[in-house]
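*Asks:* Generate a structure from the sequence data that follows.
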Amino acid sequence: MPTRSARPPKPTAAELDLLRAIWRLGPSTAREVHQALQPERPELQPATVLRLLQVMHGKGLVVRDESQRSHVYAAAHAQDALQTNLLGELIQKVFAGSGKALVLAALDAHVSDREREEIRRLLEETGDEPADAATTRKPVAGRAVAGKSRGGKRHA
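*Replies:* As a prediction, this is how the structure comes out:
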């Protein structure tokens with residue numbers, strides 16, 4: 001069962017792929033994880049998945065139920081706890097500790113119009129941004145404003 005108290009170890013990109021599959025599937029055998037990853041990673045071999053899961057168990061990223069012939073692996077940490085930990089590291093390393101800089105960078109290049117509208121609604125619901133803030137906000141040089149990127153093109 002995922003925990004929230006202990007600080008999760010930092011997974012590699014390949015380990016994150018397996019964790020995403022386990023979070024989606026729930027407790028799974030190596031074969032089930034391999035099958036779930038086949039559409040996006042057809043080159044991945046079953047033995048590689050098993051070996052990665054064994055390494056991840058050693059690192060404390062997954063727990064293993066050895067009561068059956070095929071071991072069943074489950075995430076040792078809740079998805080949100082691991083994501084929060086990784087995000088904190090990213091903010092510290094890349095954005096000098098500024099959550100605002102991270103959000104502005106994400107809004108500038110990595111958010112679709114639909115996601116931008118969802119964010120705007122959430123901010124309005126929590127009262128963190130006035131309903132007319134998008135229209136009263138002054139442009140910042142080189143920054144996206146009200147859903148537009150540099151050059152006036154909408155994000156896709």
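*Asks:* contacts and neighbour counts: CA atoms only from here.
*Replies:* OK.
*Asks:* surely residue 57 meets residue 65?
*Replies:* No - here residue 57 lies out of contact with residue 65, judged by C-alpha atoms under 8 Å, at a distance of 10.7 Å.
*Asks:* When these two are compared, which one has more neighbours?
*Replies:* residue 57 (17 against 14; other C-alpha atoms under 10 Å).
*Asks:* any idea how far residue 72 lies from residue 78?
*Replies:* Per C-alpha to C-alpha, to the nearest Å, residue 72 is found 17 Å from residue 78.
*Asks:* what's the answer for residue 70, then?
*Replies:* 23 Å.
*Asks:* So these two - more neighbours on which side?
*Replies:* Set residue 70 next to residue 78 and count neighbours by other C-alpha under 10 Å: residue 78 wins out with 15 against 12.
*Asks:* What are the phi and psi values at that one?
*Replies:* Phi and psi for residue 78, reported as degrees, to the nearest 10, are phi -60, psi 150.
*Asks:* try residue 64
*Replies:* As for residue 64, its main-chain torsions (degrees, to the nearest 10) stand at phi -130, psi 130.
*Asks:* Just give me the neighbour total for it.
*Replies:* If we define neighbours as other C-alpha under 10 Å, then residue 64 has 19 of them.
*Asks:* And the closest residue to it other than its chain neighbours, which helix or strand is it part of?
*Replies:* Ranked by C-alpha to C-alpha, 6 or more residues apart in numbering and with sequence neighbours excluded, the top spatial neighbour of residue 64 is residue 73, at 4.6 Å. According to DSSP states H and E, residue 73 maps onto strand 72-75.
*Asks:* and if you look at residue 100?
*Replies:* Per DSSP H and E: helix 99-109 holds residue 100.
*Asks:* which parts of the lengthiest helix in the chain are buried?
*Replies:* For the chain, the longest helix by residue count, based on DSSP state H, is helix 79-94. The neighbour-count check on helix 79-94 (16 or more other C-alpha atoms under 10 Å) flags 79, 81, 82, 86, 90, 91 as buried.
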